[in-house]
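Participant: coordinates only, no sequence provided:
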Ligand SMILES: [Zn+2]
């Protein structure tokens, strides 16, 4: 272990305490001749001892934090998502500028001065506090504008004289001389593009962190960021990091996916919902029970109960049809989807294959308890009952047998649903 690198890491952790876990889990790999520090997608920190010798600890701690933030921000995955697996060189260069501007902006906001060679929003003449994707868009827009200007200039120059040609040609090769190839600066953690000097996926010989281990560190750092901000107040953590931590700890819930997960649990699938591979019966189960022969895979029946009482407005009924549409797509049951609709008693019971087959008539007072009991008593019995309602209803006092998932069209009625049922709020934003 390089002593100077160890000291730089400790200083880095002291300057940004919430990044400690990320900084300390970077795996140092010595690469003489690299002339820099860089981090790959597996949290390996490559360093050139000569590079360390020539710089003070303040400078080195900045570089260590810079690399740690690339990893924590998942710039590799985000770059591939934005640009694809094999991006064009010019777009890749813009992404590399964009991520470095975003990282160094965060570091400068924490009071750490950026070394001379570092890219910052100010040096690029861009606003502060933007995400890497936003910087990329701004840079791309500018490049397009410049290209257009050059084209127009080129056209007017061509019409007069062709003098400036050799100058512009020399400029490009002249500036690049003596500098490392831009495509080799930094590591794959910034853009998801493996470098020739990296060790590749983790192995016994070249240990690295896999995605699962990285996710654990990522969550620990997000928690540390939130704690730090709670203790020291708003603004103590740069806005970009605080936002990213909050998104990570409280991801936006997609009601359709949540509903699918709850139904999947209710019908006891072990693999994909809709592919009808179910939990195998326990071999030690005594013979003569109600188990079906092993080769029979019964399709679990799901019944949808729709509240059509007067309080259900057009918008609530539209959400109900959405649930039915989702259930039809996820459970392609040859018998159709069982749907019971009504207000205080079942007014319409049908097997449907398309949402349009349902008549959502009704309009009286509401009591879902009788309808839920009726659904549970049907034969063959459903494995799960989905109840779509605004929540202005009575409920059965005790469990009815099949699992019941309540799909609420009104978020504020969630507390009134008995605890033995699962609840999904279909429009959490309202
Ligand atoms: Zn970088």
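Facilitator: Cool, the structure landed. Given the structure is predicted, the values throughout are model-derived calculations rather than measurements. Residues are numbered from 1 along each chain as shown.

Participant: find the closest residue to the ion in the stretch 1-150 of the chain.
Facilitator: For the stretch 1-150 of the chain and the ion, the shortest gap (Cβ to the ion) falls at residue 100, measuring 4.4 Å. Where you see a C-beta, it was placed from the backbone N, CA and C, and this is true even at glycine.

Participant: for the closest residue to that residue other than its chain neighbours, helix, strand, or coil?
Facilitator: Nearest residue to residue 100, sequence neighbours excluded (Cβ to Cβ, 6 or more residues apart in numbering): residue 119, at 4.2 Å. Using DSSP: H, G, I helix; E, B strand; the rest coil, the structure places residue 119 in coil.

Participant: and if you look at residue 247?
Facilitator: Quick answer, by three-state DSSP: residue 247 is helix.

Participant: swap in residue 394?
Facilitator: Following three-state DSSP, we place residue 394 in the coil state.

Participant: now do the same contact list for the residue lying closest to it once chain neighbours are set aside.
Facilitator: Excluding the flanking residues, the one nearest residue 394 by Cβ to Cβ, 6+ apart is residue 367, at 4.6 Å. When contacts are counted by Cβ atoms under 8 Å, 6 or more residues apart in numbering, residue 367 touches 343-344, 393-394.

Participant: could I have the buried ones of these as ChimeraX selection syntax?
Facilitator: Burial among those is assessed by 16 or more other Cβ atoms under 10 Å; the matching ChimeraX selection reads:
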select :343,344,393
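
Participant: let me know the closest of the contacts of residue 367 to residue 267.
Facilitator: The nearest member of those to residue 267, counting by Cβ to Cβ, is residue 393 at 24.0 Å.

Participant: settle this for me: that closest one is touching residue 368, isn't it.
Facilitator: Yes: Residue 393 is within contact range of residue 368, at 4.4 Å (criterion: Cβ atoms under 8 Å).

Participant: re earlier: next one: the residue nearest to residue 394 from the ion, what distance?
Facilitator: Note on residue 367: its distance to the ion, by Cβ to the ion, to the nearest Å, is 62 Å.

Participant: renumber starting at 5 from here on
Facilitator: All set: I'll call the first residue 5, so the last point we hit is now residue 371.

Participant: show the pLDDT at that residue.
Facilitator: pLDDT, residue 371: 88.

Participant: how close does it sit to residue 90?
Facilitator: For residue 371, the distance to residue 90 (Cβ to Cβ, to the nearest Å) stands at 60 Å.

Participant: please apply the same query to residue 325.
Facilitator: Counting by Cβ to Cβ - residue 325 and residue 90 are separated by 42 Å.

Participant: these two - which one has more neighbours?
Facilitator: Set residue 325 next to residue 90 and count neighbours by other Cβ atoms under 10 Å: residue 325 wins out with 15 against 8.

Participant: where does the stretch 55-204 of the chain dip in pLDDT?
Facilitator: Across the stretch 55-204 of the chain, the ranges flagged by pLDDT under 70 are 161-189.

Participant: which residue ranges form the helices in the protein?
Facilitator: Per DSSP state H, the chain carries helices over the ranges 7-19, 24-28, 53-57, 61-76, 79-87, 93-113, 136-164, 169-180, 215-236, 243-253, 259-271, 318-334, 372-381.

Participant: what helices or strands is the second one leaning on?
Facilitator: In terms of contacts (3 or more Cβ pairs under 8 Å, 6 or more residues apart in numbering; DSSP states H and E), helix 24-28 is packed against helix 7-19, helix 61-76, helix 215-236.
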